[in-house]
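J.: The following block contains a protein sequence and its predicted model.
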Amino acid sequence: MKGRSRLLLTLTLVASSASFAQTSDGAGQMKPVAYKVVDGNKVDTETLQGWKTWRALACERCHGAKQEGMVGPSLIDAFKTLDKNEFHRTVFGGRVDKGMPDFSSSQMMQKNWENLFAYLKGRSDGKINPGDLQAIDAK
């Protein structure tokens, strides 16, 4: 019985450290957007790169430091329904009439847009806390 309890506890801990959100791949197929988070502020390497992209491109100027919106909309709310394809269209085409710039010329965005999507999805899901993040394996 003791062994089963440990196994159950281990499986529970592993499951709680990885979150998956379903997004459409454009062909009607749903695929997971994975991010891993521990203690609310320790994330996997890819999600950390997404957060660094958020910071480097100064997205908080319009969307707020906690992604709750300012001049731009709340991404906490938007990511409840926004899929990966719409996010891609928005960051690489902008919404100039609403003040959203086109980031298609940004090398950082080109490299990290999926990581940024994962970070923002984690924030919207309430799994990633606002503020500074660090790598899961950071000491």
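T.: Now that the structure is in, tell me what you want to look at.

J.: Which parts of the chain are helices?
T.: With DSSP state H, the ranges of helices along the chain come out as 2-17, 45-56, 60-63, 75-78, 84-93, 107-124.

J.: Same list (the ones you listed) but as TSV, adding mean pLDDT and mean neighbour count.
T.: In this view, the C-beta of every residue, glycine as well, is placed from N, C-alpha and C. Shown next, in TSV, are the helices of the chain (pLDDT from 0 to 100; neighbours: other C-beta atoms under 10 Å):
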stretch	mean pLDDT	mean neighbour count
helix 2-17	39	10
helix 45-56	97	19
helix 60-63	96	16
helix 75-78	98	18
helix 84-93	96	16
helix 107-124	97	20
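
J.: what's the closest of those to Ala138?
T.: helix 45-56 (9.2 Å; C-beta to C-beta).

J.: any idea how far the closest one is from the chain center?
T.: 9 Å (C-alpha atoms, centre = their mean, to the nearest Å).

J.: That one to helix 84-93, inter-axis angle?
T.: Helix 45-56 runs at 40 degrees relative to helix 84-93, counting by axes from the mean of the first three to the mean of the last three C-alpha atoms, to 10 degrees.
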